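> my questions are about this predicted structure, shown below with the sequence.
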Amino acid sequence: MTPTAWADLPNAKHIDRILADLKKNPDRWSATRNAAMNDEWADARDAARVTAWYASWYAARSAAWNAAWNAARDDARDDAWDAVSEDARTAASDAAYGAISALIAYDDCAYLLDEKPEHVQMLALLGNEKALLLYPACLALQNKSVTFG
């Protein structure tokens, strides 16, 4: 197996976990999109991208970012998803994109994926950008129902 562009990042196994779950359970990821997709989510995603790109390891992180995002997008457009609407595919890849953004930008946030969703939600509501980006993934990976705000 060829190593991924993000294989050397500290959160590589978590990125792989998200991509695998996205492919296996697209409906869960579609359902979580609206859990945190708002202006704050977009701002947090943009901040994560800036953090990753302007870090001292700019080249490695930006390559990982692009490769992981392309993988998420491609998984959401895979032939197995033919029965799923375009809106659902977009929603699922957006939810995964936010989580991947956080995992690439911040080495210390993967633990949030396994926290109780209500704890991650509370951190997100308090303005924690990492929690805001990872909340939909936390819900999807733990197969929890969607609530926010």
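Yep, that arrived.

> distance of the residue lying closest to residue 9 once chain neighbours are set aside from residue 7?
Among residues not flanking residue 9 along the chain, residue 64 sits closest, at 5.5 Å (C-beta to C-beta, 6 or more residues apart in numbering). Backbone N, C-alpha and C define where each C-beta goes, glycine included. Between residue 64 and residue 7 the distance, using C-beta to C-beta, to the nearest Å, works out to 8 Å.

> more neighbours, those two?
Each of residue 64 and residue 7 had its neighbours counted (other C-beta atoms under 10 Å), and the higher figure belongs to residue 64 (24 against 13).

> okay, now the unreliable bits of the chain?
1-2, 33-39, 41, 49-62, 65, 69, 72-84, 86, 89, 145-149 (pLDDT under 70).

> run the last query once more with 90
For the chain, the stretches flagged by pLDDT under 90 are 1-10, 12, 19, 22-107, 124-127, 129, 132-133, 136, 143-149.

> which residues in it form helices?
Listed in chain order, the helices found in the chain under DSSP state H are 12-24, 26-32, 39-53, 58-76, 86-105, 117-125, 129-142.

> count the neighbours of the residue nearest to residue 99 when sequence neighbours are not counted for me.
Closest residue to residue 99 apart from its sequence neighbours, by C-beta to C-beta, 6+ apart: residue 137 at 3.5 Å. A count of neighbours around residue 137, defined by other C-beta under 10 Å, yields 30.

> was I right about residue 137 contacting residue 110?
No. No contact is recorded between residue 137 and residue 110 when judged using C-beta atoms under 8 Å, the distance being 10.1 Å.

> and the residue nearest to residue 99, what does it touch?
Going by C-beta atoms under 8 Å, 6 or more residues apart in numbering, residue 137 touches 18, 32, 95, 96, 98, 99, 113.
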